[in-house]
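Colleague: Got a predicted model here, sequence first, then my questions.
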Amino acid sequence: MIRSLMHMFFPALCAACGQPLHSSERMICFGCRYRLPRTHFHLQRGNPIEQIFWGRVPLKAASAYYYFRKEGRVQRLLHQLKYKGAAELGREVGRMYGRDLSRSPVFSSATLVVPVPLAAEKQRIRGYNQSTVFAEGIAERLQLDMQAEGLRKIQHNETQTRKSRYARWENVSGIYQVNTSMNMHGKNVLLVDDVVTTGATLESCARALLQSGAESVSIACIAAALRNY
Ligand SMILES: [Zn+2]
């Protein structure tokens, strides 16, 4: 009863459209669950996300759940995830995507889920890593092991915003490492991040995993910021 009274006076809002949720809805309203712009790239070989990495690092597959559009529902959702302490929302979106990925043999045959790590300082301030909570939801739905500490960021690149695009790319490559206590040998790793844009961070992470003996690397992100879409 307290819950329904609370709901009456302080209705929870949908994380994507900001409208009050119906009492039977959780975190994202039914309308948004239906209308959020899914890419369906997990069913499409040679999709635009895979093309980002062609000639850079060999991947088994790559996909993103949604198209990222400025001012849209996906942007609002990502903002909630990053800055509003919405860890459970991240898990829910991960479960939603996990349901889709379970229908793709190439993704469901992964054996280990590893999120892209945040710099330790950022994670301390934010309290959690949005890629990790998304990865937790995917791992839960696909019933896979997850290794949140599989990768680590080995140096600060705080001067990044002052550098040119090329210098920035140089700056990011090689700064991710597999934690020495982790055994990646023979694993089919599903590498998880929030937004894919240039792919520089993911490329660096994928390379580190393969160099540490991973059998294969696939990529799953929440959203893809692509030109021409
Ligand atoms: Zn909504």
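Modeller: The structure has been received and is ready for your questions. Quantities reported herein were computed from a predicted structural model and do not represent experimental measurements. Numbering: from 1, shown residues only.

Colleague: quick one: contacts of the longest helix anywhere in the chain?
Modeller: For the chain, the longest helix by residue count, based on DSSP state H, is helix 87-101. By C-beta atoms under 8 Å, 6 or more residues apart in numbering, the residues outside helix 87-101 that reach it are 15, 26-28, 33, 38, 40, 42, 63, 65, 77, 80-81, 107-108, 127-128, 130, 132-142, 220, 222. In this view, the C-beta of every residue, glycine as well, is placed from N, C-alpha and C.

Colleague: again, 7 Å this time
Modeller: Contacts with helix 87-101, where a contact means C-beta atoms under 7 Å, 6 or more residues apart in numbering, come from 15, 26-28, 42, 65, 80-81, 107-108, 128, 130, 133-138, 140-142, 220, 222.

Colleague: Contacts for the helix or strand following that helix next, please.
Modeller: As assigned by DSSP states H and E, the chain's next helix or strand after helix 87-101 is helix 105-108. With contact meaning C-beta under 7 Å, 6+ apart, helix 105-108 is reached by 42, 60-61, 101-102, 142, 190, 218, 220.

Colleague: Can you show me the CA trace of whatever helix or strand comes next after helix 105-108 as CSV?
Modeller: On the C-terminal side of helix 105-108, the closest following helix or strand by DSSP H and E is strand 112-115. Provided in CSV are the C-alpha atoms of strand 112-115 (Å, rounded to 0.1, in the frame of the first residue of the first chain):
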residue,chain,number,x,y,z
LEU,A,112,32.8,-15.1,-21.0
VAL,A,113,31.4,-11.5,-20.7
VAL,A,114,34.0,-8.7,-20.1
PRO,A,115,33.0,-5.0,-19.8
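
Colleague: Check which helices and strands strand 112-115 sits against.
Modeller: If you count contacts as 3 or more C-beta pairs under 7 Å, 6 or more residues apart in numbering; DSSP states H and E, strand 112-115 packs onto helix 130-142, strand 188-196.

Colleague: hmm, try it at 8 Å
Modeller: helix 130-142, strand 145-146, strand 188-196 (3 or more C-beta pairs under 8 Å, 6 or more residues apart in numbering; DSSP states H and E).

Colleague: For the second one, name the packing helices and strands.
Modeller: Helices and strands touching strand 145-146, by 3+ C-beta pairs under 8 Å, 6+ apart, are strand 112-115, helix 130-142.

Colleague: What mean pLDDT does that strand get?
Modeller: In this model, strand 145-146 carries a mean pLDDT of 97.

Colleague: And the contacts of it?
Modeller: With C-beta under 8 Å, 6+ apart as the test, strand 145-146 has contacts from 111-115, 135-136, 139.

Colleague: quick revisit: now tabulate the helices and strands packed on strand 145-146 in JSON lines and tack on mean neighbour count, distance to the ion and mean pLDDT.
Modeller: Shown next, in JSON lines, are the helices and strands packed on strand 145-146 (neighbours: other C-beta atoms under 10 Å; distance: least, C-beta to the ion, whole Å; pLDDT from 0 to 100):
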{"stretch": "strand 112-115", "mean neighbour count": "27", "distance to the ion": "26", "mean pLDDT": "98"}
{"stretch": "helix 130-142", "mean neighbour count": "24", "distance to the ion": "18", "mean pLDDT": "97"}
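
Colleague: Out of the ones you listed, which is closest to S181?
Modeller: strand 112-115 (13.6 Å; C-beta to C-beta).
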